[in-house]
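K.L.:
Turn this into a model:
(chains A and B)
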2 protein chains.
Amino acid sequence: MTITITAFDRSPDGGKGLARDTRVRWALEEAGLPYEIRLLSFQAMKEPAHLRLHPFGQIPTYEEGDLALFETGAIIFHIAEHHTGLLPSEANARARAITWMFAALNTVEPVILELATVRLLERDKPWSAERMPLVQERVRDRLHQLSNYLGDAEWLDGAFSAADLVMVSVLLRLRPSGMLDTFPSLAAYVARGEARPAYPRAFAAQWAVNAPKPD
Amino acid sequence: MTITITAFDRSPDGGKGLARDTRVRWALEEAGLPYEIRLLSFQAMKEPAHLRLHPFGQIPTYEEGDLALFETGAIIFHIAEHHTGLLPSEANARARAITWMFAALNTVEPVILELATVRLLERDKPWSAERMPLVQERVRDRLHQLSNYLGDAEWLDGAFSAADLVMVSVLLRLRPSGMLDTFPSLAAYVARGEARPAYPRAFAAQWAVNAPKPD
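P.N.:
Numbering: from 1, shown residues only, chains lettered A, B, ... in the order given. This next block holds a predicted model:
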């Protein structure tokens, strides 16, 4: 059955690979699954046809036969559950990998996204400059804990899994800030993720859509 | 095998049931599983013994034989996967329920938690009063989308599932703000969740720990 995902017709990051379709592309590449892409404008994302697929009007969505999913974590979990290579088969290791998927999305990503709130949504507010160090400190606290946990391990828990795919994708959001470089073990962890053969294929696929073009 | 979860020895909410152990207690009650509780002080949560169970130094954790998990969403998913009543058995409905679990935790909860950032973490900052309406507006946007999706349905997707358990728990955080009351269908949805027999058992169990006592 054909898999179709949605993505921005023009990502707000200009092709840095930080839009969430890149994570799903990466998971599909890891699993060796072909897919089709349907590009959406910001306007189309808020229209009823898309809201029926994604009640919060975002990308990506995932369609496969009569199954329609949204929410990146759930899409990646679905792919991981139905194909080999993204989740361990031993029951306890599998449960721990799922734990780290939720941790990446619910414990690590929210503090990182607040950097974008300061930089973009509240850029012109009078408190923006003074508030930024507080938000950065919350990110550093989390990175410190994650770095302590990871130590010099290659991946979060044994072999590479969907948990690493999601965590590396979340941490990649920090690259523009330079904050990752102050945690060498995390920077090396992210680099290992990017060095997997599937990642550059996913990145190139989104770059083909988002690379700056003359207007 | 005995299930042991951790919780605050004194919840910062004073027993309102908003600490995350209540969600796990609720899931265990829905599944009809007995459990033991290990209470932790704030200090103990940051010590090595607990950090080995929860790298981010939070509660709850979940131990069952040689399995140790953290992260509420993952714990609830684990319970739902191994016991009946919290996830549909039909494959597509199951995938959609998992989608809504991730959506509650990654798309709805982060904007709601920002209310607490303003109210607690940044209470004394000069921008706090001016910033609050912006944060509230982001919450209202999400509630509006969720309310549009839910319409007059009883639960998010067919029968009650772990997705509703998580979403109701996330929305309960809004009760002190009064924001829920401006979305009657969501207020009714939350009330339906609280009216399930398992919820008051979970609430009472945390209340037994957290009810205000003379010092």
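
K.L.:
Read off the pLDDT value for the nearest residue to A:Leu18 once chain neighbours are set aside.
P.N.:
The shortest distance from A:Leu18 to any non-neighbouring residue, by Cβ to Cβ, 6 or more residues apart in numbering or on different chains, is to A:Arg173 (5.7 Å). (Glycine included, C-beta is placed from N, CA and C.) pLDDT for A:Arg173: 95.

K.L.:
Tell me the spacing between the residue nearest the centre of chain A and A:Pro200.
P.N.:
For chain A, A:Ser169 is the residue whose C-alpha lies nearest the centre (Cα atoms, centre = their mean; 4.1 Å). Computed as Cβ to Cβ, to the nearest Å, the A:Ser169 to A:Pro200 distance reads 14 Å.

K.L.:
which residues sit in contact with the residue in chain A sticking out farthest from the centre?
P.N.:
The C-alpha centroid of chain A is most remote from A:Pro126, which lies 30.6 Å away (Cα atoms, centre = their mean). When contacts are counted by Cβ atoms under 8 Å, 6 or more residues apart in numbering or on different chains, A:Pro126 touches B:Trp127.

K.L.:
quick one: low-confidence parts of chain A?
P.N.:
Across chain A, residues meeting the criterion (pLDDT under 70) sit at A:215.

K.L.:
which residues in it form helices?
P.N.:
Assigned by DSSP state H, the helices in chain A fall at A:21-30, A:42-45, A:48-51, A:72-82, A:91-103, A:109-116, A:128-150, A:162-172, A:184-194, A:198-210.

K.L.:
Pipe the ones you listed into a markdown table and attach distance to B:Gly65 per row.
P.N.:
Shown next, in a markdown table, are the helices of chain A (distance: least, Cβ to Cβ, whole Å):
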| stretch | distance to B:Gly65 |
| --- | --- |
| helix A:21-30 | 30 |
| helix A:42-45 | 45 |
| helix A:48-51 | 44 |
| helix A:72-82 | 23 |
| helix A:91-103 | 9 |
| helix A:109-116 | 31 |
| helix A:128-150 | 22 |
| helix A:162-172 | 21 |
| helix A:184-194 | 30 |
| helix A:198-210 | 34 |
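
K.L.:
Now tabulate those helices in a markdown table and tack on distance to chain B.
P.N.:
Below are the helices of chain A laid out as a markdown table (distance: least, Cβ to the nearest Cβ, whole Å):
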| stretch | distance to chain B |
| --- | --- |
| helix A:21-30 | 12 |
| helix A:42-45 | 12 |
| helix A:48-51 | 8 |
| helix A:72-82 | 4 |
| helix A:91-103 | 4 |
| helix A:109-116 | 4 |
| helix A:128-150 | 4 |
| helix A:162-172 | 10 |
| helix A:184-194 | 13 |
| helix A:198-210 | 20 |
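
K.L.:
From A:Ser169, how far out is A:Ala211?
P.N.:
A:Ala211 is 20 Å from A:Ser169, by Cβ to Cβ.

K.L.:
cool, and A:Ala129?
P.N.:
In terms of Cβ to Cβ, A:Ala129 sits 29 Å off from A:Ser169.

K.L.:
again with A:Glu114
P.N.:
The separation that A:Glu114 has from A:Ser169, given Cβ to Cβ, amounts to 17 Å.

K.L.:
cool, and A:Thr2?
P.N.:
Distance, A:Thr2 to A:Ser169, using Cβ to Cβ: 24 Å.

K.L.:
Just list the residues touching A:Thr72, thanks.
P.N.:
Taking Cβ under 8 Å, 6+ apart, one finds A:Arg20, A:Arg23, A:Val24, A:Pro60, A:Leu105, A:Val166, B:Phe102, B:Asn106 in contact with A:Thr72.

K.L.:
can we see that at 6 Å?
P.N.:
Applying Cβ atoms under 6 Å, 6 or more residues apart in numbering or on different chains to A:Thr72 gives the contacts A:Arg20, A:Arg23.

K.L.:
what's the answer for A:Trp155, then?
P.N.:
With Cβ under 6 Å, 6+ apart, A:Trp155 has these contacts: A:Asp164.

K.L.:
Got the phi and psi for it?
P.N.:
phi -130, psi 170 (degrees, to the nearest 10).

K.L.:
Look up how far chain B lies from it.
P.N.:
As for A:Trp155, its distance to chain B is 14 Å (criterion: Cβ to the nearest Cβ, to the nearest Å).

K.L.:
Am I right that A:Pro60 is in contact with A:Ile5?
P.N.:
Yes - using Cβ atoms under 6 Å, A:Pro60 makes contact with A:Ile5 at a distance of 4.8 Å.

K.L.:
Overlap in contacts, those two.
P.N.:
A:Val24.

K.L.:
For the two, indicate the residue with more neighbours.
P.N.:
A:Pro60 (26 against 21; other Cβ atoms under 10 Å in any protein chain shown).

K.L.:
Contact partners for that one?
P.N.:
With Cβ under 6 Å, 6+ apart, A:Pro60 has these contacts: A:Ile5, A:Thr6, A:Ala7, A:Arg20, A:Asp21, A:Val24.
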